[in-house]
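Colleague: need a structure here:
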Amino acid sequence: MSFSIRSMMTGKSLNISQLGASALLLALIFFLPACRKGNTGDGRVAEIREKKEKPIDFDFDKIKERGSLIALVDNSSTGYFIYRGRPMGYEYDLLDRLAKDLGVTLKIKLTANIEEAFYMLNTGAADIMAYHLTVTKERSKRVGFTDAHTQVRQVLIQRKPENWRKLKVHEIENELIRNPLELVGKEVYSRKGSSYSARLQNLSEEIGGDIIIIEQAGQTDTEMLIKKVADGEIDYSVADEDVGMINATYYANIDAKTPISFPQNIAWAVRKNAPILRDTVNYWLRDIKSSPDFNVIYNRYFKYRKSQNLRAHSIYSSVNGLGISPYDEMIKKGAKQLNMDWMLLSSLVYQESKFDPSVESWAGAKGLMQLTNESIERYEVEDPFNAEQNFRGGVQFLRYLSRFWEERVPDEEERMKFILASYNVGHGHVLDAVKLARKFDKNDALWDDHVAHFIVQKMKPEYYNDPVVQYGYCRGHEPVNYVSQILNRYDQYLTAFENPLAAGDSTLVTSR
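Modeller: Numbering: from 1, shown residues only. Below is the predicted model:
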């Protein structure tokens, strides 16, 4: 048997052979539910999932030991998206702050399928489910909710009349549903497994008539349904009020003012058997909510709607999935020359300049690839603030580093870490760390915990004065963090722009 993983050097799939039977079984258990359409609770798969969904024993102490917090989000204009190379979003900004305060690395996993997210959480594929998640009794049986970070009502998403721009306000109002009683006999679309479906069912009972609830299964998020209303594909959907109002600025023909619920708690979810993690997150939430930072983050995505509209619906946003930066085509050509995944090269460019060709660092590094004066002269870059010239110089330097490390580090994945570190701090310092690793019986062709360990040690006199060291003192934390940040961002680019689960599943399940 075989399966594929992606190479960060080439961006192509690598075939891994002879997968063990037990590993294959686990892979099938995990991935098959995501591939099924319709009711994913049917048959043998459902039985396996039910058994496997018993929460694993992995609380905060083990998360700290691992050094990373794995969060589940969906790719939306308010939760998590990438804009001009930078991860953003209300949930993401809070998670990023949480991870930094806890002293761990944040790792993002993406799925729009709520049922799959619960499954991934409880089986250990993630530690925290950071959706705009309504707290309900049914959900509380499966997960442990944190304290609420916001409270919102659910609202009806509907389309204004075709000629609404020519109508007076009261004429528009006459065409819209403002009384939930008018929903009797109407088809309202919602995400399968969402609190919206449950609320619509309760509302149907309360008003004494049938609302036709059409649940859209699979990788379908709230914003996909809102867009379908705006495009005229469906007539009604439901969203949390803050999400509905921000989307109403994207789609001028959308109305999100009719409430269908009382205010409800919105919270994150952890495994029920992770009380220390939940208590830790709750303590942190109480602290940040009492600070001005929380309002700054919330307002950035929900109050300042025009700015958020521009960011989330830019062609360089993962919400649209069209591109990372204005330099994508140039970066793709350069990456091909380097036999390197273009998204990895994009992550490096973002790390250097945030795609700003006019930037100059305190140390005098210039332009898109932050070339030093030495590199500018060596690669004959006439104008370092010209994006194409600067990028060409950066690619030439990367090609040189690739050749330098090719024989010294045989494994291409490991070699890329040496190349990245060398781009940041110079290959001389990295070579010093290689010599120290060899001297102290570490693996001189592995980065993490081996060569990376000794480049950090080069901050200490007993190491930078060692006879094998040629280039002396080095602020070793900088290249180690540099490599980690580029690779982590690269993972997020892959997740947001290439994850096949980001696509919608149009399977419909009708409930009356």
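Colleague: For Phe58, grab the count of nearby residues.
Modeller: Counted with other C-beta atoms under 10 Å, the neighbours of Phe58 add up to 15. Placement of C-beta: from N, CA and C, glycine included.
Colleague: Could you list the low-pLDDT ranges of this protein?
Modeller: 1-53, 321, 498-512 (pLDDT under 70).
Colleague: run the last query once more with 80
Modeller: Along the chain, the model assigns pLDDT under 80 to residues 1-53, 217-220, 305-306, 308-310, 312-313, 320-322, 498-512.
Colleague: Can you give the domain ranges for it?
Modeller: 58-151+266-318, 154-261, 328-494 (automatic domain parsing).
Colleague: what's the distance between Ile234 and His132?
Modeller: 21 Å (C-beta to C-beta, to the nearest Å).
Colleague: who's more crowded, the two?
Modeller: Ranked by neighbour count (other C-beta under 10 Å), Ile234 and His132 place His132 first, with 23 against 19.
Colleague: State the next helix or strand along the chain beyond the helix or strand where that one lies.
Modeller: If you go by DSSP states H and E, His132 is part of strand 128-134. Counting by DSSP H and E, the next helix or strand C-terminal to strand 128-134 is helix 137-140.
Colleague: which element follows that following helix toward the C-terminus?
Modeller: Heading C-terminal from helix 137-140 (DSSP H and E), you reach strand 144-145.
Colleague: List the contacts of that following strand.
Modeller: Residues outside strand 144-145 that contact it (C-beta atoms under 8 Å, 6 or more residues apart in numbering): 133, 135, 139, 265, 267-272, 274-275, 278.
Colleague: what's the spacing between that strand and its chain's center?
Modeller: 22 Å (C-alpha atoms, centre = their mean, to the nearest Å).
Colleague: do stretch 142-154 as well
Modeller: 21 Å.
Colleague: Tell me the buried residues in that stretch?
Modeller: Buried residues in stretch 142-154, defined by neighbour count with 16 or more other C-beta atoms under 10 Å: Val143, Gly144, Phe145, Thr146, Asp147, Ala148, His149, Thr150, Val152, Arg153, Gln154.
Colleague: Return the alpha-carbon coordinates of it using PDB.
Modeller: The C-alpha coordinates for stretch 142-154 follow below in PDB (Å, rounded to 0.1, in the frame of the first residue of the first chain):
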ATOM      1  CA  ARG A 142     -19.600  15.700  23.700                       C
ATOM      2  CA  VAL A 143     -17.200  18.400  24.600                       C
ATOM      3  CA  GLY A 144     -16.200  20.800  27.300                       C
ATOM      4  CA  PHE A 145     -17.000  24.400  26.500                       C
ATOM      5  CA  THR A 146     -14.800  27.300  27.700                       C
ATOM      6  CA  ASP A 147     -16.300  30.400  29.100                       C
ATOM      7  CA  ALA A 148     -18.200  32.400  26.400                       C
ATOM      8  CA  HIS A 149     -16.000  35.000  24.600                       C
ATOM      9  CA  THR A 150     -19.100  36.700  23.100                       C
ATOM     10  CA  GLN A 151     -22.900  36.600  23.100                       C
ATOM     11  CA  VAL A 152     -24.900  37.000  20.000                       C
ATOM     12  CA  ARG A 153     -28.400  36.300  18.500                       C
ATOM     13  CA  GLN A 154     -29.100  34.200  15.500                       C
END
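Colleague: in the helix or strand where Pro479 lies, what's buried?
Modeller: Taking DSSP H and E as the criterion, Pro479 maps to helix 477-498. The neighbour-count check on helix 477-498 (16+ other C-beta under 10 Å) flags 479-480, 482-497 as buried.
Colleague: Equivalent analysis for stretch 455-472, please.
Modeller: Ile455, Val456, Gln457, Lys458, Tyr463, Tyr464, Asp466, Val469, Tyr471.
Colleague: Mark which of those are part of strands, please.
Modeller: Counted as lying in strands by DSSP state E, out of these, is not a single one.
Colleague: Relative to Ile211, which of these is nearest.
Modeller: Among the buried residues of stretch 455-472, Val456 lies closest to Ile211 (C-beta to C-beta), at 60.8 Å.
Colleague: so Phe497 touches Ser318, yeah?
Modeller: Yes: counting by C-beta atoms under 8 Å, Phe497 does reach Ser318; the two are 5.7 Å apart.
Colleague: what's the overlap in contacts for these two?
Modeller: Joint contacts of Phe497 and Ser318 (C-beta under 8 Å, 6+ apart) are Ile82.
Colleague: Give me the nearest residue to Asp448, chain neighbours excluded.
Modeller: Closest residue in space to Asp448, ignoring its immediate chain neighbours: Lys417 at 7.7 Å, by C-beta to C-beta, 6 or more residues apart in numbering.
Colleague: Run through the residues that contact that neighbour.
Modeller: Lys417 is in contact with Trp447, Asp448, Ala452, Val483, Leu487, counting by C-beta under 8 Å, 6+ apart.
Colleague: Between which two of the residues you listed is the distance greatest?
Modeller: Longest distance between any two of the contacts of Lys417 is 12.0 Å, between Ala452 and Leu487; criterion C-beta to C-beta.
Colleague: hmm, back to that, so of the buried residues of stretch 455-472, which ones are in helices?
Modeller: Among the buried residues of stretch 455-472, the members found in helices (DSSP state H) are Ile455, Val456, Gln457, Tyr463, Tyr464.
Colleague: how far does stretch 370-389 sit from the chain's center?
Modeller: 33 Å.
Colleague: From one end of that stretch to the other, what's the distance?
Modeller: Terminal residues of stretch 370-389 lie 12 Å apart, using C-alpha to C-alpha, to the nearest Å.
Colleague: Show me the contact partners of it.
Modeller: Contact with stretch 370-389 is made by 327, 330, 352-353, 357-359, 361, 363-368, 390, 392-394, 396-397, as judged by C-beta under 8 Å, 6+ apart.
Colleague: Same check on stretch 355-369?
Modeller: Contacts for stretch 355-369 (C-beta under 8 Å, 6+ apart): 84-85, 325-327, 349, 352-353, 370-373, 376, 384-387, 390-391, 393-395, 397.
Colleague: Could you do stretch 459-467 as well?
Modeller: The contact list for stretch 459-467 (C-beta under 8 Å, 6+ apart) reads 432, 436, 439, 454, 457-458, 469, 472-477.
Colleague: Straight-line length of it, end to end?
Modeller: Start-to-end, stretch 459-467 (C-alpha to C-alpha) is 15 Å.
Colleague: need the ones in helices among the buried residues of stretch 455-472 in a markdown table with distance to Phe60, can you?
Modeller: As requested, these are exported to a markdown table (distance: C-beta to C-beta, whole Å):
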| residue | distance to Phe60 |
| --- | --- |
| Ile455 | 30 |
| Val456 | 26 |
| Gln457 | 30 |
| Tyr463 | 34 |
| Tyr464 | 37 |
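Colleague: who's in contact with Ile70?
Modeller: Lys107, Ile108, Lys109, Ala125, Ala126, Asp127, Ile128.
Colleague: Between the contacts of strand 144-145, which sits nearest Tyr189?
Modeller: So of the contacts of strand 144-145, ranked by how close each gets to Tyr189 (C-beta to C-beta), first place is Leu133, at 19.2 Å.
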